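**Student:** Model the structure of this input:
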Amino acid sequence: MWTPRFAFSGLIVCAAGLASAIQSSPDPTCSGGVSNAGVCCLKSCGSLCAVHGCGSAPGGANGCCGGTIRKDGRSCSTGSAPCVLGPAPPPPASCSLNPAIEYLGNDTIVRPAMSSPNVQSCCDNCSATRDCSFFTYDSMLQTCTLRSTNAPDTSRPNPNCTSGESHSAGPAPGPAPRPPPRVSVSVDGSLAVSHTGPNFVAWNIDASRNRGFFTRSLNVTEAFGARLAKQAAALSAEMIANESILRFGGSGNDYLTYAFGGTECPPQSDTKECMNVSTWTNLLQFAEAANAKIIFGLSMNTGHDLVDGPFPQPWDSTNAEQILKWTIDNGYDHLIKGFELGNEQNSQYSGAQIATDFGVLNTLITKLWPDASRRPVLVGPDPHSYHGVDPKVTWISDFLLSCLEQKIPIFAATHHEYSEVDSTTFTSPATLDTTGLIARMVNKTVRIANPSVQVWAGEIGPHNGGSPPCDHTSMRWANFGDSLWYADALAQKARWGYQAFCRQDFIGADYGLLDCLSGTPLPDFYTGLLFARTMGMGVLNVDVVTPDATAVRAYAHCGRSGSGSVSVLLINLNNETATEVSIEGLGSLTGVREQYVVQPSNESSSLSNSTGLLGTNIVVNGLPIVANMDGSFTPLKAVNIPDASTPITIPPISIVFATVKVDVSVAKACA
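**Tutor:** The predicted structure follows:
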């Protein structure tokens, strides 16, 4: 036996104020509901059970839509409608429970909080996950956090949490199972559930030495800088706004001293770097050549404080004013879209303290840009990376509420996120679902604190990359497998109300859009480009109607081809089996369907000897895509399918973008 130590300080992770989960009697034959397509809907759903329009039935999406019911995962063998029909699940795992206790143990998370319908499901997940010994179930958020052997070391009472210990262990989350040969996807075009921004597919440049910022020239008068700028301009050309957002931020930005206005830089060290006129001019001219506008992450100069003393408060804007006055005086101010202040400072400052610092920044930019119509916007507060449901989200709320109180005009709320996918989980539906879970958490927090503020993924990547060498010995995310995550993450953030997705990063380490050594576009570059080209701003609701089709990920937006166009993004996570997808809910599909089928190449590249999922080469509609040294690449050409109503074939481990024209009477959101 062990006795938990209770820790009462800190942020509350589990929600408060919700009764225990409702229990119900088994109904394996759906005698108390309406059955269709392998699910048992609530009786009130009637003829709308698991068909297009199910969300408008009296039982709503949770009670009537097949995809939602299957995702919740409750079996009719153990409960009543809404539930999944079929064989009884395996015997439940054995777990000892500790009601009303929340485990907190530091650095013990095996898997971040994920959706889970009940305590037993959480127990089952722990039992089936390598290295999981303990878990905590949150009955309000219906989430399950899996933890390692040290989890009980720190815990606290919480009436809405049940924690427990698993008495067995198993494999890590597995890849997607084979999809059915035919899959139906229902798209509701009547109403947009959210809208992205006109330059949603954004990208970052990090002023960190371990990302090559100080050793890689962005000078566009040189061949390498010109190549990078031309490739970035290709992304910008696909944006609805005809320009990209370039976020210039990261840990290294907080180590910068600006050598402007007579300020001298300290000697270079691990936490002290210098931004001089030449480096800043190169970045500004690069942005102009790339047709990008900069979100400038201003330095808090924390490198000094890490070594010399406590972090200052409030922020001293003197050095920032020097570089910004130079920027204005030299005619580059039109390239600045907005400002961040500080990077991942949530461990050093409260949300209210950061808001006070933003007040200093707001005073500065009001002084430098007296014309409000030309004034750059404020974006923040950039807390450190989310990996699942996370208590740091309350820090965003505290910041936004403090800004409201101080009348500081925040344009967009940002956060950092790394969902930690890798070669073992590129094709895991459960792992990819984490992105949506985080999106819902953040969007809800922001909407409650300040509904007028946009939501941005300010720094988001597949993994918190560390400092791998830039020599092709580490290519962990520089491959096609990562594009499965990237396409899915773009779509999930769009679905849950994000206006910008600032990808970490454009070039640097082994998780950028470009190879960090050669500047060659990686599969993610082309994936982002095609997303921007095909997926419009209006986001539509989608339901995968067919049972047992977790390998198929489906999303839909209004298209980029004018009134009545709808674009669908389809991803097949299974690496063995193709499937055919039929689109329902949009009426009769007539005319031509335009589509791009993106697949890994069977040919290795000069960057990597690998092919397939771990290769760096791709083919689009069967044509290999080749990058040239001048920054150009093989044109990405759509294939026109003469009959738009024919099913869409999705090969194994592939991404498909398809656009159809529909009658605006059934796609009013896209009129």
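
**Student:** which residues in the stretch 551-671 of the chain form strands?
**Tutor:** Assigned strands in the stretch 551-671 of the chain, in chain order: 552-559, 565-572, 579-584, 593-600, 618-620, 623-624, 639-641, 648-650, 654-661 (criterion: DSSP state E, counting those that start in this stretch).

**Student:** Quick one: these as TSV, columns for mean neighbour count and distance to residue 376 too.
**Tutor:** The way it works is simple: take the backbone N, C-alpha and C, and place the C-beta from them, glycine included. Compiled in TSV, the strands of the stretch 551-671 of the chain are given as follows (neighbours: other CB atoms under 10 Å; distance: least, CB to CB, whole Å):
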stretch	mean neighbour count	distance to residue 376
strand 552-559	26	28
strand 565-572	25	32
strand 579-584	20	42
strand 593-600	22	35
strand 618-620	22	37
strand 623-624	12	41
strand 639-641	14	42
strand 648-650	22	42
strand 654-661	24	33
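
**Student:** Is it possible to get TSV of those that adds distance to residue 525 and mean pLDDT?
**Tutor:** Listed next are the strands of the stretch 551-671 of the chain as TSV, based on distance: least, CB to CB, whole Å; pLDDT from 0 to 100:
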stretch	distance to residue 525	mean pLDDT
strand 552-559	20	98
strand 565-572	17	98
strand 579-584	26	97
strand 593-600	12	98
strand 618-620	10	97
strand 623-624	15	97
strand 639-641	21	97
strand 648-650	22	98
strand 654-661	13	97
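
**Student:** Adding distance to residue 478 as columns, could you present those strands in TSV?
**Tutor:** Listed next are the strands of the stretch 551-671 of the chain as TSV, based on distance: least, CB to CB, whole Å:
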stretch	distance to residue 478
strand 552-559	22
strand 565-572	19
strand 579-584	28
strand 593-600	13
strand 618-620	12
strand 623-624	18
strand 639-641	27
strand 648-650	24
strand 654-661	17
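
**Student:** just for the protein, where's the confidence low?
**Tutor:** Counting by pLDDT under 70, the chain shows low-confidence ranges at 1-24, 87-94, 105-108, 149-155, 167-173, 303-311, 465-466.

**Student:** Now do the helices in the stretch 501-650 of the chain.
**Tutor:** Taking DSSP state H, counting those that start in this stretch as the test, the helices found in the stretch 501-650 of the chain are 523-534.

**Student:** Residue 322 is nearest to which of the strands of the stretch 551-671 of the chain?
**Tutor:** strand 552-559 (43.2 Å; CB to CB).

**Student:** Quickly run through the sheet partners of that closest one, with directions.
**Tutor:** Strand 552-559 has its sheet partners listed here by DSSP bridges as strand 535-544 (antiparallel), strand 565-572 (antiparallel).

**Student:** quick one, which of the ones you listed is nearest to residue 515?
**Tutor:** Closest to residue 515 of the strands paired with strand 552-559, according to CB to CB: strand 565-572, at 23.5 Å.

**Student:** quick one: the strands in the stretch 351-500 of the chain?
**Tutor:** Ranges of strands in the stretch 351-500 of the chain, per DSSP E, counting those that start in this stretch, are 377-381, 410-418, 454-461, 500-503.

**Student:** picking up where we left off before, out of the strands paired with strand 552-559, flag the one nearest residue 406.
**Tutor:** Residue 406 lies closest to strand 535-544 among those, at 31.5 Å (CB to CB).

**Student:** So for the residue positioned nearest the centre of the chain, what's the nearest residue that isn't a sequence neighbour?
**Tutor:** In the chain, the centroid-proximal residue (CA atoms, centre = their mean) is residue 489; its distance is 4.3 Å. Among residues not flanking residue 489 along the chain, residue 435 sits closest, at 4.6 Å (CB to CB, 6 or more residues apart in numbering).

**Student:** State the distance from that neighbour to residue 176.
**Tutor:** Separation of residue 435 from residue 176 (CB to CB, to the nearest Å): 16 Å.

**Student:** Then residue 657?
**Tutor:** To residue 176, residue 657 is 20 Å away according to CB to CB.

**Student:** again with residue 489
**Tutor:** With distances taken as CB to CB, residue 489 is found 16 Å from residue 176.

**Student:** ok so, going back, export the strands paired with strand 552-559 as a markdown table, with columns for distance to residue 429.
**Tutor:** Shown next, in a markdown table, are the strands paired with strand 552-559 (distance: least, CB to CB, whole Å):
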| stretch | distance to residue 429 |
| --- | --- |
| strand 535-544 | 11 |
| strand 565-572 | 10 |
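
**Student:** and residue 237, which of the ones you listed is closest to it?
**Tutor:** strand 535-544 (15.4 Å).

**Student:** Would you map the helices across the stretch 51-200 of the chain?
**Tutor:** Assigned helices in the stretch 51-200 of the chain, in chain order: 60-64, 66-72, 119-127 (criterion: DSSP H, counting those that start in this stretch).

**Student:** Likewise for the stretch 201-350 of the chain?
**Tutor:** Counting by DSSP H, counting those that start in this stretch, the stretch 201-350 of the chain has helices at residues 223-238, 277-289, 302-308, 318-329.

**Student:** re earlier: please name whichever of the helices of the stretch 51-200 of the chain is nearest to residue 545.
**Tutor:** For the helices of the stretch 51-200 of the chain, the distance to residue 545 is smallest for helix 66-72, at 5.3 Å, taking CB to CB.

**Student:** In contact with residue 240: list those residues for me.
**Tutor:** The neighbours of residue 240, taking CB atoms under 8 Å, 6 or more residues apart in numbering as the test, are 198-199, 532, 536-537, 560.
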